[in-house]
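# I would like to see how this sequence folds:
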Amino acid sequence: MMSWRELSQLLVLVSLVAAVQAQQTPAGTESPTEPERFEMPVPVGMPVNGLKVPQYDQDGKLLMLFEAATATKVNEEVVEMASLKLEALDSEGQKIFVELPQAVFNLKTNLLTGDKTATIRREDFEITGDSIEFNTQTRFGILRGNVKMVISNEETSN
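Below you'll find the model as predicted:
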């Protein structure tokens, strides 16, 4: 079983690797001056029920899927959502699920925020916190307030 010290070192390492990967660009390409704009097919001021928005990479591979019970675009940059479920792939190709009862997504900065209990799940852990900031482009997130992490140990003995 992993000690708290080892776990915290692992989390710091994963965060640093994610941050470095997000800043690197392939050789011969220029670094973008601003994040790629995420398109959300929601008209300004009109609530949309049962919204599902996939995001694909340039090769057509699914990177992320937004599912919201209700979404309302406040203006051209901000979308408010209720009962949001976000499915994304981490750097290892494993699915990560983010669930928020209420969320605000900034289309310009790709920053998803929520100030009610947020849950992040992967097959081997679950983290909850009182609020979240999650950058959908870099896949880097911060949970704040009453953060709790449960790690699943799936090892079996033969």
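
# May I see the buried residues of the helix or strand encompassing Thr128?
Using DSSP states H and E, Thr128 falls within strand 125-129. Residues 127-129 are the ones in strand 125-129 that count as buried (16 or more other Cβ atoms under 10 Å). Quick note: C-beta positions are derived from backbone N, CA and C, even for glycine.

# List the strands paired with it, with their directions.
Strand 125-129 has the following strand partners under DSSP bridges: strand 118-122 (antiparallel), strand 148-151 (antiparallel).

# what comes into contact with the longest one?
Outside of strand 118-122, the residues within contact range by Cβ atoms under 8 Å, 6 or more residues apart in numbering are 90, 94-100, 126-132, 141, 143.

# mind listing the strands for the protein?
48-56, 62-73, 78-89, 95-106, 111-114, 118-122, 125-129, 131-135, 140-144, 148-151 (DSSP state E).

# Can I get those in TSV including mean pLDDT and distance to Val42?
Listed next are the strands of the chain as TSV, based on pLDDT from 0 to 100; distance: least, Cβ to Cβ, whole Å:
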stretch	mean pLDDT	distance to Val42
strand 48-56	91	5
strand 62-73	92	4
strand 78-89	92	6
strand 95-106	94	10
strand 111-114	94	15
strand 118-122	92	21
strand 125-129	93	27
strand 131-135	92	19
strand 140-144	89	23
strand 148-151	93	33
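
# Distance to Pro41 for those - can I get that in JSON lines?
Formatted as JSON lines, the strands of the chain follow (distance: least, Cβ to Cβ, whole Å):
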{"stretch": "strand 48-56", "distance to Pro41": "7"}
{"stretch": "strand 62-73", "distance to Pro41": "9"}
{"stretch": "strand 78-89", "distance to Pro41": "10"}
{"stretch": "strand 95-106", "distance to Pro41": "13"}
{"stretch": "strand 111-114", "distance to Pro41": "17"}
{"stretch": "strand 118-122", "distance to Pro41": "24"}
{"stretch": "strand 125-129", "distance to Pro41": "30"}
{"stretch": "strand 131-135", "distance to Pro41": "21"}
{"stretch": "strand 140-144", "distance to Pro41": "24"}
{"stretch": "strand 148-151", "distance to Pro41": "35"}
